[in-house]
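Colleague: just coords:
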């Protein structure tokens, strides 16, 4: 796969390599992709938390009791 980078991106990658933290440009790009994946996971988690928060705001909750938890475990 070939990738065309702007000069600014090439300089950023080279600066990361020059810092000694990464041995080559490939490592920089792989780390950037890992960070991107973590950000996407966080976005999905935030969306799920928002759904829960909205449900709480609208009174769409059930009371937690040990019996409720036991029932949920049995049903799962």
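Modeller: Structure's in. What do you need? What you are looking at is a predicted structure, and each value in this text was computed from that prediction instead of being measured.

Colleague: which strands or helices does the longest helix belonging to the chain pack on?
Modeller: The longest helix of the chain (DSSP state H) is helix 25-57. The contact analysis (3 or more CB pairs under 8 Å, 6 or more residues apart in numbering; DSSP states H and E) places helix 25-57 against helix 7-18. No exception for glycine: its C-beta is placed from N, CA and C like everyone else's.

Colleague: quick check: mean pLDDT across the helix it packs on?
Modeller: Averaged across helix 7-18, pLDDT comes to 98.

Colleague: in this structure, which helix or strand is least confident?
Modeller: Within the chain, no helix or strand scores below helix 66-75, which has a mean of 92 by mean pLDDT, DSSP states H and E.

Colleague: distance between the longest helix of the chain and the chain's centre?
Modeller: How far helix 25-57 lies from its chain's middle: 2 Å, per CA atoms, centre = their mean, to the nearest Å.

Colleague: buried stuff in it?
Modeller: Neighbour counts over helix 25-57 (16 or more other CB atoms under 10 Å) mark 28-29 as buried.

Colleague: now it against helix 7-18, angle please.
Modeller: 100 degrees (axes from the mean of the first three to the mean of the last three CA atoms, to 10 degrees).

Colleague: what is the mean pLDDT for helix 25-57?
Modeller: 97.

Colleague: packing partners for the least confident helix or strand of the chain?
Modeller: Packed next to helix 66-75, using 3+ CB pairs under 8 Å, 6+ apart, is no helix or strand.

Colleague: not counting that helix itself, show me its contacts.
Modeller: With CB atoms under 8 Å, 6 or more residues apart in numbering as the test, helix 66-75 has contacts from residue 62.

Colleague: stretch 14-25 too?
Modeller: Against stretch 14-25 from outside (CB under 8 Å, 6+ apart): 13, 27-28, 31.

Colleague: now with 7 Å?
Modeller: 13, 28 (CB atoms under 7 Å, 6 or more residues apart in numbering).
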